[in-house]
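Colleague: everything below, folded, please.
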Amino acid sequence: MRTRRGIVAAGLLSALLLGGTSTAAAGETGPPEAGRYTHERGGVPEHGHVHAPGETHGPAAAHASGEPVPSTAGTSGGAASGGSGTSGGAEPPGEAHAHEETREHMAQDLVGTPMRVIEQQTAATAARIQRRTGVRPGAAPARANAVADAGRSGQWSAVVDTPVVPVFQAVLPSGKVLMWDSVGDNAAESYPDHSFTRAVVWNPADDTYKRVDLQGSNIFCAGFAHLGNGDILVAGGNANAKLEGTVNTYVFAWRTETWTRGRDMAAGRWYPSVAETANGEEVIIGGGPATAEVYQTDGTIRALPGFSKYSARLYPYMGSRPDTQIGLFGPYFTGYTINTSGDGVITATSNRDGMNRDYGSFSTYDIGKSLVVGGGSGIEDGVPKRPTRSAVVVDSTTGLAPAYTATGSLSTGRRQLNATVLADGSVLATGGLTSTATDGLVDLDNAATAAERWDPATGQWTVLASAHRIRQYHSAAVLLPDGRVMTGGGGICGPCMTVGYLEKNVEYFSPPYLYAKDGTGRLATRPVISAAPAGVAVDTAFTVSTRQAASIRKVALVGLGDSTHGVDQGQRYVPLKFSASGTTLTVTGPPNGGVAPPGYYMLFVVDAAGVPSIAKIVQVAKGPNPVMSPVRNSTGRCVDVPASTLAIRTYPQAYTCNNSKAQALTRLSDDRSLRVLGNCLDVPSSNFSPGQKVWTYTCNRTNAQAWQFGADGTIRPVADTRLCLAAASVDDKAAIQLATCNGDALQKWTW
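Modeller: All right, here's what the predicted structure looks like:
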C-alpha cells in the first residue's frame, strides 16, 4: 500500500468519528480579478512542474437541443398501440433527432492523447498563468473560502493529491473508493493501442491508495454500476482515437481488488449508462448503439430486440422504479419507461420540462423520486445556452408516465455540477460553471464553488461553504459512509489545457449536519449503531441496536455511489419504516427490488437534531423475482389493456396472449397490487360484488387494489376472498370481472 498525502492530515476522519474538532487549512488562493485565467495561445507549452491532476473521462461534445426518439414494439389485442404511452418511428412533436459533433468532441476530450502529454502540457500552461497572475488555475477566489459557521455552512477539508484524476468514482462495500481515468503515463511508448487504464483503490480514512491498473483495455468513456455482490461492472470504453466504443465488459472484485474480463457486448459503447434492475440484472443503454443489452446474473449478456431505438449517446439519467421497471428521465426532456423482461419494451411517456439538461445532474432522494437539476442548453432569462438554476422532481410512483413538479431553484445556474444525496435524504450540489461559455466545458472565471443543499421538505436550496478548488468538466462526487462527500477531478479537455486546468486531487465536504448548531464549529454528538445485521431482506423486519433509539427519527439505506459526468446510477435514498423500544429499532426492509435492487447499501440512522450516524454497510438480498409477465387462464386468454392505453378507468379485457406490453402485468408483494402500464387493477368504488368489472386506476394502496394470489391459481380481492377474478367468457374481448369462486377454468390464472 503506497501513501500519497496532500495538504490535509488524515486526522480529519478520526476527529469526525471521535467527536473532536478539526480545522482545515486554507486552500491556495489568489486575487479574484476578472479574466485571470487567460487562454494560452501558440505552440506546445514547455514542460513545467505544477501539481497537475491526471486525466479523466468526459461527456460528449456539443449537440443539438433535440432528442433521440425510440420506437416501440408490441400491440394490444391485435390492434395498433395507441395513446400517449406509445412511441413508434415518428418523432414526438417539437423534437428532432439529436446529433453529435464527434470530431469536435474528439478534439475537446483529447481522445487518444496519453495522460503524460496532457499532464505535462497543462502543467506548463498553469505555471505560466500562475507566474503572470499569482493565481494557480483552478483555485477558488479567496473570498469564497472565508471561514463560516460550520453548523450552518459545513466545512471543506484541504486539498489532497491523488495518483489519478478521479473522473470515475465507485464506493466499495469496504468503504474505499475505486477511481480511474484513462491511458497510463507510458501510453505513448508502451500502450499505443489503448490497452491500459490507470486505476487506484483510494482509502478516504487515511488518504492512502493501491494501484489496480486495468490491463487489456481503456475504460475511459465506459459506463459502470454495482452488481448485487458489491463488485463493479464496467461496460464499454474508448477503443481508439476515432471515438469508437469497445464491446468489452470488466468486473472489479471489491474483496480481492482485482479485475476480470467479462463477456463481450453485441456492439461497442462509448458513454453508456448501466443501471441495476429489481432482479439483480444490469441494463446497458446508450453509448452509440440504438439497442439495449442486459448483463444477466450469470455473467451472460442478452439483447433486448424490443428496445429498437434510442439514439442518444450521452450518459442517460436512469434507474430502477418501484414498479420494477426502469425509468429514463434525462438529460433530454422526453421521459421513457423501460421493461427489460423478454424482448424488452421502451415507451415514450411524457415531457419532463421542455429542456435539454446537458451537463446537468440528478439524485434519487426518496422512493421513486429523483431531483433533476442544472445543466441546460436552451434560453433562460433571454440568454442562450445559459446554465439553468431550475430543478424538477421526477415522481415515478404515479404510473407508467412519471409526474413532474418544479421545485426551488439554485442560487446560480450550473453546468458540470454533481448532485449527491446525503445521509439525511437531502441533496448536495457541488461544482459547475455559471456562464454561457461556448464549449460548456470549462470557465474558471465563472465557477460555482459554493455547495448548495436542497431540502425535500421545503423544496428550497441553502448556500453552504465554498470549496478550495474549482470542479467543472470531468469532476465527480460521492457520499462516504462517514456522512462526508468526496469531490474530485476536473480537466482533460482542449479548453482545459489552454487555461491550465487539471485537478488530480480530492476534497472532502462535511455537511452542516456533522456540526453543533451553537456557532462553535465543534462536531456534533452522533448517534451510534452498535449492532446491525450484515444482510437484510425485502419486506422483512430486522433489528438495529443503538443507545439513542428513542431519539432516532429516520432510518434509511443509501446506495453506494457510481459517479462520473454528473451521473450517479448507484446512489439512491431509501427511507425505511421502523419502531423503537429501549435500545432496539425494529426496521422493515425495502418493499421490493424495484425500490432497492439487490446489493450493498449504507445504513444510516438520523436523530432528532438531524445528525446522522456513521453508516453500517449491509447487503440487501435479492427478493423473489418480480412478476412482469402475462396473467393468463387455461383458455389461453390474457388480461389485456385495450390499445395499450395509459388512461385510468380503462376496463381490461381477456384477449389471446400475444406477449405485448398491454399484457405485461407486474405483481408487487409489498402492497399486493397488480399493475399494468403503470396503473393498478382496481375494483371501482370498492364494490366487491359478483359481476363487477375491474378497471385500471392510479395506484393508491387501497383495499380496492389489493389482491391475494392463491396457490390454486385464483386471484382474489383481499377485502372479500369469496370472490375471484374471472374472464366473463372464453371469447376475445370478454370482460375481466369479479365472480363467486367456484373452481371454474375462467377463474384459474398462471403468471
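Colleague: in the stretch 351-500 of the chain, which ranges drop under the pLDDT threshold?
Modeller: 377-384, 437-438 (pLDDT under 70).
Colleague: ranges for the helices of it?
Modeller: 494-498 (DSSP state H, counting those that start in this stretch).
Colleague: how about the chain?
Modeller: Here the chain has its helices, by DSSP state H, at 11-18, 102-109, 115-133, 150-153, 187-190, 494-498.
Colleague: and the fourth one, how far out from the chain middle?
Modeller: What separates the centre of helix 150-153 from the centre of its chain is 27 Å, taken as Cα atoms, centre = their mean, to the nearest Å.
Colleague: return the list of helices and strands in contact with it.
Modeller: strand 460-466 (3 or more Cβ pairs under 8 Å, 6 or more residues apart in numbering; DSSP states H and E). Glycine gets a C-beta too; all of them are placed from N, C-alpha and C.
Colleague: redo that, cut-off 10 Å
Modeller: strand 450-455, strand 460-466 (3 or more Cβ pairs under 10 Å, 6 or more residues apart in numbering; DSSP states H and E).
Colleague: let me have these in a markdown table, adding distance to Met497 and mean neighbour count as columns.
Modeller: Output for these, formatted as a markdown table (distance: least, Cβ to Cβ, whole Å; neighbours: other Cβ atoms under 10 Å):
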| stretch | distance to Met497 | mean neighbour count |
| --- | --- | --- |
| strand 450-455 | 26 | 21 |
| strand 460-466 | 25 | 19 |
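Colleague: need those strands in CSV (columns: distance to Gly399).
Modeller: As requested, these are arranged in CSV below (distance: least, Cβ to Cβ, whole Å):
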stretch, distance to Gly399
strand 450-455, 25
strand 460-466, 28
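Colleague: what's the domain layout of this structure?
Modeller: The chain resolves into domains spanning 2-63+101-514, 627-750 when parsed by automatic domain parsing.
Colleague: hmm, Thr543 is touching Val555, no?
Modeller: No: using Cβ atoms under 10 Å, Thr543 and Val555 do not qualify as a contacting pair, with a distance of 11.1 Å.
Colleague: compare the two (neighbour count), which wins?
Modeller: Ranked by neighbour count (other Cβ atoms under 10 Å), Thr543 and Val555 place Val555 first, with 23 against 13.
Colleague: is that one in a bridge, and if so with what?
Modeller: For Val555, the beta-bridge assignment (DSSP bridges) gives partners Val605.
Colleague: for it, which residues are in contact?
Modeller: Contact partners of Val555, counting by Cβ atoms under 10 Å, 6 or more residues apart in numbering, are 529, 544, 546, 574-578, 580, 585-588, 603-606, 613.
Colleague: please check the residues you listed and keep the buried ones.
Modeller: Buried members of those, scored by 16 or more other Cβ atoms under 10 Å, are 529, 544, 546, 574, 576, 578, 580, 585, 587-588, 603-606, 613.
Colleague: closest to Ser217 out of those?
Modeller: Val574 (33.6 Å; Cβ to Cβ).
Colleague: bridging residues for that closest one?
Modeller: Going by DSSP bridges, Val574 forms beta bridges with Leu557.
Colleague: wait, it touches Asp366, no?
Modeller: Yes: if you go by Cβ under 10 Å, Val574 and Asp366 touch, sitting 8.2 Å apart.
Colleague: need the overlap of contacts for the two.
Modeller: Going by Cβ under 10 Å, 6+ apart, residues that sit against Val574 and also against Asp366 are 425, 556.
Colleague: ok, Ala266 - how many residues close by?
Modeller: Neighbour tally, Ala266, other Cβ under 10 Å: 12.
Colleague: correct me if wrong: it contacts Glu293.
Modeller: Yes: between Ala266 and Glu293 a contact is recorded at 6.2 Å, counting by Cβ under 10 Å.
Colleague: anything in contact with each of these two?
Modeller: What both Ala266 and Glu293 touch, as defined by Cβ under 10 Å, 6+ apart, is the set 301-303.
Colleague: out of the residues you listed, which is nearest to Asp323?
Modeller: Among those, and counting by Cβ to Cβ, the member closest to Asp323 is Arg302, at 21.5 Å.
Colleague: do I have it right that that closest one meets Gln296?
Modeller: Yes: Arg302 is in contact with Gln296 according to Cβ under 10 Å; the separation is 6.2 Å.
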